[in-house]
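>>> Sequence and computational prediction follow.
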Amino acid sequence: MNYEEIKKLMDDMGNSKIDSLDIEFPDGIKISMAKNKNNTITKKIEGENEKTVLINNGLDTPNETSNIEQEDLDEEKYFLIKSPMVGTFYSRSSPEKEPYVKVGDVIKKGNSLCIIEAMKLMNEIESECDGEIVEVCIEDEQMVEYGQILFKIKADT
């Protein structure tokens, strides 16, 4: 098992409701993972200044790796479009075309936002809500991971 596969497994477990996981592979490799039982949650904030914050019972611990900024707290008001797969992000249908969307564009549910190329297949990613594009989080032709934030949308309520 390589580093990326282990990292993906850890991320999947962190997003699931299970508390522990034990795996034994035929080649003898054993992996055991368990979440903390004391309601400690690790919150990973992605972006240019990636940071991890430990939250205990909803309160930030004094030994957090960095302070949560007000912008991070306000992030909950945005609808996040995340990558449904690993692949290459394309903001336009071809190099000579305009991007599907840019910051400030008003979009409707079902509008095409980008393309993710995975295994030579072009997958169009559509908006899941009406709203305004607040941030495009990925640069054109950049590799994206499963669950990585692609767009922040200020959803119409």
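It's in.
>>> Can you show me the strands along the protein?
Shown for the chain, the strands assigned by DSSP state E span residues 20-24, 30-34, 40-45, 51-56, 59-60, 79-82, 87-90, 106-107, 112-118, 121-126, 131-136, 143-144, 149-155.
>>> Just put these in CSV and tack on distance to residue 12, mean pLDDT and mean neighbour count.
Yep, even glycine has a C-beta here, placed from its N, CA and C like the rest. Compiled in CSV, those are given as follows (distance: least, Cβ to Cβ, whole Å; pLDDT from 0 to 100; neighbours: other Cβ atoms under 10 Å):
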stretch, distance to residue 12, mean pLDDT, mean neighbour count
strand 20-24, 9, 75, 11
strand 30-34, 10, 73, 11
strand 40-45, 14, 44, 12
strand 51-56, 18, 44, 14
strand 59-60, 26, 41, 10
strand 79-82, 14, 90, 17
strand 87-90, 18, 94, 19
strand 106-107, 30, 93, 16
strand 112-118, 18, 93, 19
strand 121-126, 20, 92, 14
strand 131-136, 26, 92, 19
strand 143-144, 16, 94, 16
strand 149-155, 17, 91, 19
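>>> So for residue 11, which of those sits nearest?
strand 40-45 (8.9 Å; Cβ to Cβ).
>>> how about a markdown table for the strands of the chain, with distance to residue 8 added?
Conversion of the strands of the chain to a markdown table gives the following (distance: least, Cβ to Cβ, whole Å):
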| stretch | distance to residue 8 |
| --- | --- |
| strand 20-24 | 13 |
| strand 30-34 | 12 |
| strand 40-45 | 14 |
| strand 51-56 | 17 |
| strand 59-60 | 28 |
| strand 79-82 | 15 |
| strand 87-90 | 14 |
| strand 106-107 | 30 |
| strand 112-118 | 15 |
| strand 121-126 | 19 |
| strand 131-136 | 24 |
| strand 143-144 | 13 |
| strand 149-155 | 17 |
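>>> buried stuff in the lengthiest helix in the chain?
Across the chain, the longest stretch assigned as helix under DSSP state H is helix 3-14. By 16 or more other Cβ atoms under 10 Å, the buried positions in helix 3-14 come out as residue 13.
>>> ok so, going back, out of the strands of the chain, the one nearest residue 5 is which?
In terms of Cβ to Cβ, the element of these nearest to residue 5 is strand 30-34, at 10.1 Å.
>>> tell me what the closest one is packed against?
Contact partners of strand 30-34 among helices and strands, from 3 or more Cβ pairs under 8 Å, 6 or more residues apart in numbering; DSSP states H and E: helix 3-14, strand 20-24.
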